[in-house]
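Peer 1: Need coordinates for the below:
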Amino acid sequence: MKLRSLAQVAAGIVFLAAGAFAQITTIEGDVKGADGKPIEKAVVKITRTDIKGNYETKTNKKGHYLYMGLPMGTYSLELMVEGKKVDAVNGIKTRPGDPIPVNFDLKASQAESANKQAEMQKAMETGQLSKEMERSMSKEQKEAMEKNMKEREAQMKKRNELNSSFNEGMTAMQNKQYEAAAAAFTKAAEVDPAQTAVWAQLGEAYVKLAEGKTGADFDTTIGKGLQAYSKAIELKPDDPASHNNYALALSKAKKFPEMQAELKKAADLDPPNAGKYYYNLGAVLVNTGQNDAAGEAFKKAIELTPTYADAYYQYGVTLVGKAAIGADGKVTPVPGTVEAFQKYLELAPTGQWAPSAKEMLGSLGGSVETKFTDPNAKKNTKTTTKKK
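Peer 2: Predicted coordinates:
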């Protein structure tokens, strides 16, 4: 009896061993890149999902990989290329016998991913999921999708409100209805406080609205305009146009040191148009009676933009005030005056200030150009006459 029992135990052990051996499985496959060529040394990570288990292998020169000796179970595979996950396959159930083929084709995967993305985008826009897409999504994915759709719907509503208020404000500005424009832009700023253009237009609306006010009403209104411009610059400090417009608003508030600082910032941020900003500075200084400082600003504009015709004229005007008048009534201009008007006429012979420039030259005893050729022509000839 004892010997028979031992024999039965031994037979049972052999049976169990044979059963365990039968559970060993294999996964293999080919890996191709987006160009259709095999990928060598790509890492295939194999993770068992029904119980804990992790395995790893690499592709050979032909892009083929093989992993033998996997316990029968359910696996997910990740493809790693140069340390980055580029593809994955889930729910692979192995079985004894022939190897389970799991191939990776990045070209096909990318096309499939693009199609899914397009379907997802369409679903978010329409608010409807196709039955096929819904079946392929997990509970978590569906919840995430619904959340994204709600967020997108809220964003669309916000954007429509913003566009409506902003367009309303722009229409009011065109019709010179500045109070209505300020109200519309204020509403747009409340919808989305991060829009630079909204704050810039709000600043312009208040500045225009302030032009029709005096005293405390002017101070309050222009102050709101300055605050709006300041907010625009806070959101986008590298925008030269915002600094320029802010500077012009500051000039109307008679904050001249701040104005000059803002125009300098605009010029520093936008060197190709720096001459324009210094010209604006000169114009403001002229209007406030600061003739010498204005002359320096126009001179700087000329240095930065040598073809700036209007800057030459305005510079000449500032120099006229420095001319000496002798006892005999003869006018002696300071150096540079005649040249400034001559240069203006050379650059803009039919410009808005051409008649005035010619009159100035005549009174100063300077020469007036009566014929100009294309300054870009290879040969440059011109006739000069001197007014008597």
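
Peer 1: quick one: least confident helix or strand in the protein?
Peer 2: Ranked by mean pLDDT, DSSP states H and E, the weakest helix or strand in the chain is strand 384-386, scoring a mean of 35.

Peer 1: so where do the strands sit in the stretch 51-200 of the chain?
Peer 2: Using DSSP state E, counting those that start in this stretch, the strands of the stretch 51-200 of the chain run over residues 53-58, 64-71, 74-81, 84-93, 100-101, 104-105.

Peer 1: now this structure, which segments are flagged as low pLDDT?
Peer 2: Across the chain, the ranges flagged by pLDDT under 70 are 1-22, 120-138, 141, 366-388.

Peer 1: Going along the chain, name the helices of it.
Peer 2: In the chain, the helices defined using DSSP state H lie at 2-21, 106-126, 131-136, 139-174, 178-191, 196-210, 215-235, 240-252, 256-269, 274-287, 291-304, 309-320, 337-347, 354-364.

Peer 1: Output those helices in a markdown table; the columns should cover mean neighbour count and distance to Gly53.
Peer 2: Bear in mind the C-beta positions are built from the backbone N, C-alpha and C, glycine included. Output for the helices of the chain, formatted as a markdown table (neighbours: other C-beta atoms under 10 Å; distance: least, C-beta to C-beta, whole Å):
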| stretch | mean neighbour count | distance to Gly53 |
| --- | --- | --- |
| helix 2-21 | 9 | 15 |
| helix 106-126 | 13 | 25 |
| helix 131-136 | 11 | 26 |
| helix 139-174 | 14 | 23 |
| helix 178-191 | 20 | 54 |
| helix 196-210 | 23 | 55 |
| helix 215-235 | 17 | 53 |
| helix 240-252 | 22 | 60 |
| helix 256-269 | 19 | 60 |
| helix 274-287 | 22 | 68 |
| helix 291-304 | 20 | 72 |
| helix 309-320 | 24 | 79 |
| helix 337-347 | 22 | 82 |
| helix 354-364 | 18 | 90 |
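
Peer 1: ok, back up a step: and of the strands of the stretch 51-200 of the chain, who's closest to Asn273?
Peer 2: Asn273 lies closest, by C-beta to C-beta, to one member of the strands of the stretch 51-200 of the chain: strand 84-93, at 44.3 Å.

Peer 1: closest one to Ala327 among the helices of the chain?
Peer 2: Of all the helices of the chain, helix 354-364 sits nearest to Ala327, with 17.5 Å by C-beta to C-beta.

Peer 1: Lys300 is in contact with Tyr278, correct?
Peer 2: Yes: with contacts counted by C-beta atoms under 8 Å, Tyr278 reaches Lys300, the gap being 4.5 Å.

Peer 1: Which residue, other than its chain neighbours, is closest to the spatially most central residue of the chain?
Peer 2: Residue closest to the average C-alpha location in the chain (C-alpha atoms, centre = their mean): Lys236, at 10.4 Å. Excluding its sequence neighbours, the residue lying closest to Lys236 (C-beta to C-beta, 6 or more residues apart in numbering) is Thr196, at 4.5 Å.

Peer 1: give the contact list for the closest residue to Lys322 other than its chain neighbours.
Peer 2: Leaving aside its sequence neighbours, Lys322 sits nearest to Val334 (C-beta to C-beta, 6+ apart; 4.7 Å). Neighbouring residues of Val334 by C-beta atoms under 8 Å, 6 or more residues apart in numbering: 319, 322-324.

Peer 1: do Lys224 as well
Peer 2: For Lys224, the contact set (C-beta under 8 Å, 6+ apart) comprises 182, 206.

Peer 1: got it, and Ala205?
Peer 2: Contact analysis of Ala205 by C-beta under 8 Å, 6+ apart lists 169, 172-173, 178, 181-182, 185, 225.

Peer 1: next one: Pro271
Peer 2: Pro271 makes contact with Leu304, according to C-beta under 8 Å, 6+ apart.

Peer 1: One more: Leu319?
Peer 2: 295, 333-334, 336-337, 340.

Peer 1: quick one: it from Ser76, how far?
Peer 2: Relative to Ser76, Leu319 is positioned 82 Å away (C-beta to C-beta, to the nearest Å).

Peer 1: Over to Gly169?
Peer 2: In this view, Gly169 and Ser76 are 55 Å apart by C-beta to C-beta.

Peer 1: now do Pro38
Peer 2: 23 Å.

Peer 1: now do Lys252
Peer 2: Distance from Lys252 to Ser76, by C-beta to C-beta: 68 Å.

Peer 1: Over to Asn90?
Peer 2: Using C-beta to C-beta, we find Asn90 at a distance of 4 Å from Ser76.

Peer 1: which of the contacts of Val334 are buried?
Peer 2: Leu319 (16 or more other C-beta atoms under 10 Å).

Peer 1: Out of the contacts of Val334, which two sit at the greatest distance?
Peer 2: Leu319 and Ala324 (11.8 Å).

Peer 1: distance between the ends of stretch 330-345?
Peer 2: This stretch, stretch 330-345, spans 24 Å end to end (C-alpha to C-alpha, to the nearest Å).
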